[in-house]
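**Q** I need the structure of the sequence given here:
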Amino acid sequence: MTESQRARKRQQQIIEGMRRVMSERGYERTSIAAVAKEAELSPGLLHYYFPNKQAILIALVEKLFAGLEERFGRRLARAPSDAWQRLYAFLDAHLAIDDDADPDAVKCWVSIGSEALLQGEVRAVYLQIVERELQLLEGLLQDVLRHEKRNAEHARQIAAGLLATIEGSYQLATLAPQSWPDGNAAAWVRRQAHALVSAEPLLSSTSAP
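**A** Predicted coordinates for the structure are as follows:
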């Protein structure tokens, strides 16, 4: 193993340790010592790879998003070439409870949202991810609206509404899990997507796309 490979492995150990501790305690109560213990490394070694706890948090944000992208990619690869199925792949990647669901990641994301209100550097990374999510969801919704021969003008607003529902579902799943009796919000958000798409006016045969 080369030095760069060893460094990468240890960085991933630290980020994973942060994920496990933070999912149980939240960010504020997560200490470097606890992360080091979970990662099976010394606190000094953590500081060698990351200058402070915030730097580990930002690395965790990026890792969580990468994991979500992979989850979406797997579903997209299995989805038929249908606009609705591609949209479902996105919604299910975020909300479906199945073999690759990660409740700890959801708990961490809720804590990250809170920290984004308090820490400018965390907020900047958080907003970048939200914008990427919105752009992707907007594109999927534009395809659905065109497939349904409806006006795609408000695809961005619909995307924002659905993403807000997803974020709210994370909050409920973490803080009030009994809010979803079946434990799964994916089917309900699909219904919301259908309702929002149906609310857009149909295009006439002479309308511009």
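
**Q** Show me what the host helix or strand of Ala195 is packed up against.
**A** Per DSSP states H and E: Ala195 is located in helix 186-198. If contacts are counted by 3 or more C-beta pairs under 8 Å, 6 or more residues apart in numbering; DSSP states H and E, helix 186-198 sits against helix 83-95, helix 120-147, helix 155-175. Bear in mind the C-beta positions are built from the backbone N, C-alpha and C, glycine included.

**Q** Highest mean neighbour count out of the ones you listed?
**A** Comparing the helices and strands packed on helix 186-198 by mean neighbour count (mean count of other C-beta atoms under 10 Å), helix 83-95 ranks first with a mean of 21.

**Q** Keeping just the C-alphas, turn that helix into CSV.
**A** Taking C-alpha atoms only, helix 83-95 is exported to CSV below (Å, rounded to 0.1, in the frame of the first residue of the first chain):
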residue,chain,number,x,y,z
ALA,A,83,-39.6,9.8,-17.6
TRP,A,84,-41.8,8.8,-14.6
GLN,A,85,-39.5,5.8,-13.7
ARG,A,86,-36.4,8.0,-13.7
LEU,A,87,-38.2,10.5,-11.4
TYR,A,88,-39.2,7.6,-9.1
ALA,A,89,-35.5,6.5,-9.1
PHE,A,90,-34.6,9.8,-7.6
LEU,A,91,-37.4,9.9,-5.0
ASP,A,92,-36.7,6.3,-4.0
ALA,A,93,-33.0,6.9,-3.7
HIS,A,94,-33.8,9.5,-1.1
LEU,A,95,-36.7,7.9,0.7
